[in-house]
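Trainee: give me the fold of what follows.
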Amino acid sequence: MKKKLPFFLMIVLCVTMLAACGSEKETSTLRDDPYYQEEFLLGTYTRIRIYDEGKESAMEPAFARIKELGDKITINQSGSEIDEINSQAGIKPVKVSDDIYYLLKDAYAYSEKSDGGFNMAIGAITQLWRIGFDDARKPEQSEIDGALKHIDYNQVEFNDDDQTVYLPDKDMIIDLGAIAKGYITDEVVKVLQDNGVTSAIVDLGGNVYVLGHSNRGEDEPWNVGIQDPNKSRGSIIGSIKETNKTVVTSGIYERYLKVGNQTYHHIFDSETGYPYDNDVASVTVITDKSIDGDGLTTVAFDKGVKEGLAYIEEHTENGTDAIFITKEDIVYVTDGIKDTFELSDESGYTMGDRSDLE
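Mentor: Next comes the predicted model:
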């Protein structure tokens, strides 16, 4: 599954906040030290912090939801619904659960909207390279050319009445690694809210959701650090303040393959069958739903910095913003956060002038 880079959140003090409960409001006490649980799931460390006093019990259903969805979505895993669709390619349609049908329809919509910049059927390429796995390798050009014939997402067939999915091309492979963790993050947030949680941080390895206000004060947002793409995890270049938002980052440094002096990252171009080769080192998307953040980071890589900034500003919902870091250590942000994103003086990065972009 797609690996996204974890963020490190700076959280201090404890306060009282009001949470809606039916038609009345009641006081919800927030803790200095949150209830905390970490598990290695989805190929990464998944972490949940809950700040509401007395809501530790919400951890159990939240992690159960992560495991349930991970088992349904992960390819090359026995019992996975996506694996079943792939194994029946060219043979017959496969009936799937509500969760997977919704996710697949959303993935198809993103594939269409981005003209394949995000491609739900990229699996023939990703499974050929296997970047992030022990058997990763650089394929021969003839292998890449062959795989490119089997990544046309337009061929995926949906039957809404029967809730089935069919791949008519027997060599087609659906791979939802680029969008799955976003969907799962959103589902975990729903579980927490259903269990009365008003203040929490969900971190699924690069998909971060900050729920409610921080424990510093009733109207205080969370301070979310943005990962430095050139340093170890936990090193940040700056921060953004957000409430009830997801912050999703993808970068070329997360998973990669070295062959001689050449480094190949894990984010693939559907046109070439190779990783994207442009000016982008990492993209962070801030939006309301983590599944949208997932899809948009991939689309942004496809478009590059200049067109990516324009796409986020012109073709997404209000309140969606992005932070681009180039391979030259220059930072560009969408207009919506140009006054709120704070670049650290010690980061060594500089803010770019968009008029200089070619």
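Trainee: how about the helix or strand where Ala300 lies: buried residues?
Mentor: Per DSSP states H and E: Ala300 is located in helix 290-315. For helix 290-315, the neighbour count (16 or more other Cβ atoms under 10 Å) marks 290-305, 308-309, 311-312 as buried. (Each C-beta comes from the backbone N, C-alpha and C, glycine too.)
Trainee: then stretch 123-132?
Mentor: By 16+ other Cβ under 10 Å, the buried positions in stretch 123-132 come out as Gly123, Ala124, Ile125, Thr126, Leu128, Trp129, Ile131, Gly132.
Trainee: again with stretch 147-154
Mentor: Neighbour counts over stretch 147-154 (16+ other Cβ under 10 Å) mark Ala147, Leu148, His150, Ile151, Tyr153 as buried.
Trainee: give the contact list for the nearest residue to the first one once chain neighbours are set aside.
Mentor: Same thing as Ala147. Closest residue in space to Ala147, ignoring its immediate chain neighbours: Ala124 at 4.1 Å, by Cβ to Cβ, 6 or more residues apart in numbering. Listed by Cβ atoms under 8 Å, 6 or more residues apart in numbering, the contact set of Ala124 reads Ala147, Leu148, His150, Ile151, Asp171, Met172, Ile173.
Trainee: now with 7 Å?
Mentor: For Ala124, the contact set (Cβ atoms under 7 Å, 6 or more residues apart in numbering) comprises Ala147, His150, Ile151, Asp171, Met172, Ile173.
Trainee: picking that back up, next one: the helix holding Ala300 to chain centre, how far?
Mentor: Centre-to-centre, helix 290-315 and its host chain are 12 Å apart (Cα atoms, centre = their mean, to the nearest Å).
Trainee: now stretch 48-56
Mentor: Going by Cα atoms, centre = their mean, the spacing between the C-alpha centre of stretch 48-56 and its chain's C-alpha centre is 24 Å.
Trainee: what is the helix holding Ala300 packed up against?
Mentor: On a contact count with 3 or more Cβ pairs under 7 Å, 6 or more residues apart in numbering; DSSP states H and E, helix 290-315 meets helix 180-194, strand 207-211, strand 245-251, strand 280-287, strand 321-326.
Trainee: can we see that at 6 Å?
Mentor: Under the contact definition 3 or more Cβ pairs under 6 Å, 6 or more residues apart in numbering; DSSP states H and E, helix 290-315 sits against helix 180-194, strand 245-251, strand 280-287.
Trainee: dump the ones you listed into a markdown table; add mean neighbour count and distance to Ser235 as well.
Mentor: Conversion of these to a markdown table gives the following (neighbours: other Cβ atoms under 10 Å; distance: least, Cβ to Cβ, whole Å):
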| stretch | mean neighbour count | distance to Ser235 |
| --- | --- | --- |
| helix 180-194 | 23 | 22 |
| strand 245-251 | 26 | 12 |
| strand 280-287 | 26 | 12 |
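Trainee: closest to Asp161 out of these?
Mentor: Ranking the helices and strands packed on helix 290-315 by proximity to Asp161 (Cβ to Cβ) places helix 180-194 first, at 23.2 Å.
Trainee: could you dump that closest one to CSV, C-alpha only?
Mentor: Output of helix 180-194 as CSV, limited to C-alpha atoms (Å, rounded to 0.1, in the frame of the first residue of the first chain):
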residue,chain,number,x,y,z
ALA,A,180,-6.6,3.5,0.6
LYS,A,181,-5.1,5.1,3.7
GLY,A,182,-7.0,8.3,3.1
TYR,A,183,-10.3,6.3,3.1
ILE,A,184,-9.3,4.4,6.2
THR,A,185,-8.3,7.6,8.0
ASP,A,186,-11.8,9.1,7.3
GLU,A,187,-13.5,6.0,8.6
VAL,A,188,-11.4,6.0,11.8
VAL,A,189,-12.5,9.6,12.4
LYS,A,190,-16.1,8.6,12.0
VAL,A,191,-15.6,5.8,14.6
LEU,A,192,-14.1,8.2,17.1
GLN,A,193,-16.9,10.8,16.6
ASP,A,194,-19.5,8.0,17.0
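Trainee: give me the contacts around that helix.
Mentor: Helix 180-194 is contacted by residues 1, 58, 61-62, 65-66, 69, 73, 103, 200, 202, 204, 207, 209, 289-291, 293-294 when judged by Cβ atoms under 6 Å, 6 or more residues apart in numbering.
Trainee: again with stretch 249-269
Mentor: For stretch 249-269, contacts defined as Cβ under 6 Å, 6+ apart pick out 3-5, 122, 125, 131-132, 136, 138, 206, 227, 229, 275-276, 281-284, 297, 301.
Trainee: please apply the same query to stretch 284-297.
Mentor: With contact meaning Cβ under 6 Å, 6+ apart, stretch 284-297 is reached by 110, 118, 179, 182-183, 185-186, 207, 209, 226, 245-250, 283, 320-323.
Trainee: could you give the separation of it from the chain centroid?
Mentor: 6 Å.
Trainee: quick check: mean pLDDT of it?
Mentor: For stretch 284-297, mean pLDDT is 95.
Trainee: residue ranges for the helices of this protein, please.
Mentor: In the chain, the helices defined using DSSP state H lie at 59-73, 81-87, 98-113, 123-129, 141-147, 180-194, 290-315.
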